[in-house]
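[1] Got a sequence here, can you build the structure:
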Amino acid sequence: MSQALILYAAVAVLLQLTAVHCGPSYKPNSPLQGIDVWTNADAEWFEYPEASPSSNYYVPIANERPNFGIAVSGGGYRAVTLALGYVRALHMLNLTQQARYLSSNSGGSWFNSAFSYQQLRPVNEFLGPYLPPQGLGMSALKQVKNGAHGAFATTICESSIIFSGVTGAVVDVVTGSKTGPGAWSLAVGDAFLKPYNLNADKSTVTAAGTKGPIHPALQQLNGIDVYTYQAGSDKMTDDGVPRPFPIVLGTIFGRTKNTSYFAPIEFTPLYIGCPPALVNTSNPNRTVGGGFVDPQGFNSAPPNPVPDVPAALASSLGSGVSSTAGAALPGDTAAPVPAAAAASALKAAQTGKHRLLLQTPSSNLTAAAAGVRNAALNAELPLQTTVDSTYVVPLKVMMGISSSFLAQGLRPDLAGTLAELTGTEDLDYWNQINFRGQRQPFADGGGTDNLAITPLLRRGITNIVSCIAMVVHIDNNTNIDDWAVGQWDIAALFGAVPLENRNIRKGQINGMSPEQLNKVTQVFSASAWPAFFKALQASIAAGGPVYHQATYTVLDNKYQAIRGGWKVKVLWVANGLQKNWEKLLPPDTQGTLAKSRYMKGGLYEGNKALRDAAPRQGDGNGELKMFPYISTFDANYGPEMTGLLSQMATWQMLELKPQLQQLVAGSGVVISEARNVGTATPDKDIGKKPLQSSSGQVAIWSGLLVWLGVAASMIMWA
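    Purely as a prediction, here's the structure:
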């Protein structure tokens, strides 16, 4: 550790010469009035604002479209590139136009944020055209950087984040200048939002096309950019049909000496917050969750006075998970209702105003009576309050939090300054239970759900396409427990991470014990895990596409604010080895892939079973040596990687049209014939960045050294 600190200090000296610093921010001149607040987000009667017909925040597509959603997983550049390909195919099949939601985590959120908010490029041009494998020769792949595969493909292969992100983080630590968006958020914003005019530090988000007027505080913000999700008519689509409602997943995280704790937080155009109520009985300021606040009120001091909570709502505040742990996780004891709230609720019940609303759980009511009760309770929301904003959180910070995997992966005992070196965001947070709070660190959503499927389950979505950016190969020789450890983000959804395994270092995965990881993540029965594993094995052995389709009974999970007991159909689509696609590639591309995979550390090294008959050609491409299982730590994709990975994903999803039809049967979704509506972008400079100056090059290489040190602290637990 001492050597690492010496390295950091040396790097910091270099960095101060480069004038890299955190971004400016928008600090309102006076407290913001009319901030909307939603409590009781984990209650059985709660309706999410976009889906609550009585709310001004109601978004028609959230109820009028079929019960269908899309989730794109995390996984850095691998995930953002696959998300582009998967969503391109779904758009070609007319499915994005019918989906209620697009939820995402980490690298998937880089795609989701740009795709959902941008008003610069028509969607067809943003997604770009599908190129069948026969058209992916090496010369054609080089044209990705010139817009031949669409605007966002060019953005991916022209972006650069790791170096600049960690470089800026060191300066934030050394100079103490972090008073706005952190270095990581600045880096990902510059890479993925700047090409679409979404990158202002002084900015916020909202939505147009809601039932009524929303976000009263916007009128008090002068000189700030407002990025608007078009929930009504969308001029960027061919027919004006809105894109799916976006949900970006992150976490609030904390650590004791030996354990990490994570709580989910959702960023949407309408609100930000943590749905589960996670009560800390030893330190009320560390209680998190229970609801949402509008985006302009997030990152503020606790409201004073607190919102006036109607008795019907106060009676169930804080009825989620209770714990004495530092980050309010985990525990099994229900938290006591605050005495004042309980007395107020009792008085209201006795005087009659809310008697019928309080006395009976939904399970004991007829559907009609429960509907009346639920509508009455939701009509009490949102509450309103006044807050003193630290600074208004821009879109880049939301996206940066969702993808802050460096912070999420730190060993639990390496906190403080080392955590700051990862570029994590520290924001002023207050909960919607006791309306208290403190400064909290935020990290990648993978701490609770890397696949970003839980936001859809919280909203009762019954038909889901889960787009997975897998990183660990699977074949007929793979041990199911070994693979579950490597892909713990998938296995934990089934509670199937093994409690003991040779690949688990120091008894922890992602800073948690396997038992804790399963407990806070599981939403499906463990008995369904072997079928998932075997389906992926079989589809890879068959040459692809790689998928599994199943129907599950959703399980209760209070750590996720998910109520179970209902059925969901999921089509899981993953980027496994797909020889049926590869054998259609032109000979020069097949040869380059083969040559690359034989490189040291490549997919074929030491694994004869995976080798094929394709002749090795050219010098190979080190970037492609593990294709398609590229490490999350590999960033800054070139045009060949961007083109191959995204077009493979599109081919794969199009090949799964029969499975998609089975998934949505009876839901009202209509799948069209695949239309290659994507277009190349005529602007060859889209997504490109100016050349680095010589001082910028020093900062970049200095940042690389720091990133390597941080990465080592995360992955070398021995």
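[2] low-scoring stretches of the stretch 201-350 of the chain, by residue?
    Along the stretch 201-350 of the chain, segments meeting pLDDT under 70 span 257, 315-350.
[3] same thing but at 50, please
    Low-confidence segments of the stretch 201-350 of the chain (pLDDT under 50): 324-350.
[4] Shouldn't residue 278 be within a strand?
    Yes - under DSSP: H, G, I helix; E, B strand; the rest coil, residue 278 sits within a strand.
[5] what packs against whatever helix or strand residue 89 lives in?
    Element membership for residue 89 (DSSP states H and E) is helix 76-92. When contacts are defined as 3 or more C-beta pairs under 8 Å, 6 or more residues apart in numbering; DSSP states H and E, helix 76-92 packs onto strand 69-72, helix 107-117, helix 123-127, helix 151-158, strand 463-468, helix 639-655. Yep, even glycine has a C-beta here, placed from its N, CA and C like the rest.
[6] Can you check my assumption that residue 62 lies in a strand?
    No - applying three-state DSSP, one finds residue 62 to be helix, outside a strand.
[7] I'd say it and residue 51 touch.
    Yes - proximity of residue 62 to residue 51 meets the contact threshold set by C-beta atoms under 8 Å, at 4.3 Å.
[8] same question for the strand or helix carrying residue 658, mean pLDDT?
    Assessed by DSSP H and E, residue 658 sits inside helix 657-664. For helix 657-664, mean pLDDT rounds to 97.
[9] One more: stretch 593-608?
    In this model, stretch 593-608 carries a mean pLDDT of 88.
[10] Quick one: residues in contact with that stretch.
    Contacts with stretch 593-608, where a contact means C-beta atoms under 8 Å, 6 or more residues apart in numbering, come from 473, 577, 582, 585, 610-612, 614-627, 629, 644.
[11] For ChimeraX, write the selection for the buried entries among those residues.
    Selecting only the buried entries of the contacts of stretch 593-608 in ChimeraX, with 16 or more other C-beta atoms under 10 Å as the criterion:
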select :473,577,582,585,614,616,617,620,621,623,624,625,626,627,629,644
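[12] re the thing from before, centre of the chain versus the helix holding residue 89, how much separation?
    14 Å (C-alpha atoms, centre = their mean, to the nearest Å).
[13] What residues sit buried inside it?
    Within helix 76-92, the residues scored as buried using 16+ other C-beta under 10 Å are 76-92.
[14] Same question for stretch 60-74.
    Within stretch 60-74, the residues scored as buried using 16+ other C-beta under 10 Å are 61-62, 65-74.
[15] okay if I get the helices and strands packed on helix 76-92 as JSON lines plus distance to residue 223?
    Shown next, in JSON lines, are those (distance: least, C-beta to C-beta, whole Å):
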{"stretch": "strand 69-72", "distance to residue 223": "34"}
{"stretch": "helix 107-117", "distance to residue 223": "20"}
{"stretch": "helix 123-127", "distance to residue 223": "28"}
{"stretch": "helix 151-158", "distance to residue 223": "28"}
{"stretch": "strand 463-468", "distance to residue 223": "38"}
{"stretch": "helix 639-655", "distance to residue 223": "37"}
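[16] Contacts only, for residue 439.
    426-429.
[17] Check residue 235 too.
    With C-beta under 8 Å, 6+ apart, residue 235 has these contacts: residue 119.
[18] now do 10 Å
    If you count contacts by C-beta atoms under 10 Å, 6 or more residues apart in numbering, residue 235 has them with 119, 122.
[19] Around the closest residue to residue 576 other than its chain neighbours, count how many other residues there are.
    Nearest residue to residue 576, sequence neighbours excluded (C-beta to C-beta, 6 or more residues apart in numbering): residue 546, at 3.6 Å. Using other C-beta atoms under 10 Å, the number of residues around residue 546 comes to 25.
[20] In this structure, which strand is the longest?
    strand 245-255 (DSSP state E).
[21] Relative to it, what are the paired strands and their orientations?
    Strand 245-255 pairs in its sheet with strand 101-105 (parallel), strand 260-267 (antiparallel), strand 437-444 (antiparallel), by DSSP bridges.
[22] Residue 433: what secondary structure?
    coil.
[23] Could you tell me the per-residue confidence at it?
    Looking at residue 433, its pLDDT stands at 92.
[24] Could you find the closest non-adjacent residue to it?
    Using C-beta to C-beta, 6+ apart, the closest residue to residue 433 is residue 290 (4.0 Å).
[25] for the one you found, helix, strand, or coil?
    Following three-state DSSP, residue 290 is assigned to strand.
[26] Tell me if I'm right that it and residue 435 touch.
    Yes - between residue 290 and residue 435 there is a contact at 9.5 Å, judged by C-beta atoms under 10 Å.
[27] quick revisit: so which of the strands paired with strand 245-255 is the most surrounded?
    Comparing the strands paired with strand 245-255 by mean neighbour count (mean count of other C-beta atoms under 10 Å), strand 101-105 ranks first with a mean of 32.
[28] quick one on the thing from earlier: output the strands paired with strand 245-255 as CSV; include the columns distance to residue 531.
    Formatted as CSV, these follow (distance: least, C-beta to C-beta, whole Å):
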stretch, distance to residue 531
strand 101-105, 24
strand 260-267, 27
strand 437-444, 29
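[29] Could you say which one of the ones you listed comes nearest to residue 307?
    Smallest distance to residue 307 across the strands paired with strand 245-255 (C-beta to C-beta): 13.6 Å, for strand 437-444.
[30] chain center to the closest one, what's the gap?
    Taking C-alpha atoms, centre = their mean, the mean C-alpha location of strand 437-444 is offset from the chain mean by 16 Å.
[31] between it and helix 107-117, how many degrees?
    Angle, strand 437-444 to helix 107-117, by axes from the mean of the first three to the mean of the last three C-alpha atoms, to 10 degrees: 100 degrees.
[32] Among the contacts of stretch 593-608, which are located in strands?
    Judged by DSSP E, strands contain none of the contacts of stretch 593-608.
[33] low pLDDT regions in the stretch 601-718 of the chain?
    Low-confidence segments of the stretch 601-718 of the chain (pLDDT under 50): 687, 689-710, 712-718.
[34] Show the average pLDDT along the host helix or strand of residue 386.
    Assessed by DSSP H and E, residue 386 sits inside strand 383-387. Average pLDDT, strand 383-387: 96.
[35] That one pairs with which strands, and in what direction?
    Strand 383-387 has the following strand partners under DSSP bridges: strand 32-38 (antiparallel).
[36] buried stuff in the strand it pairs with?
    Of the residues in strand 32-38, 32, 34-38 count as buried by neighbour count, 16+ other C-beta under 10 Å.
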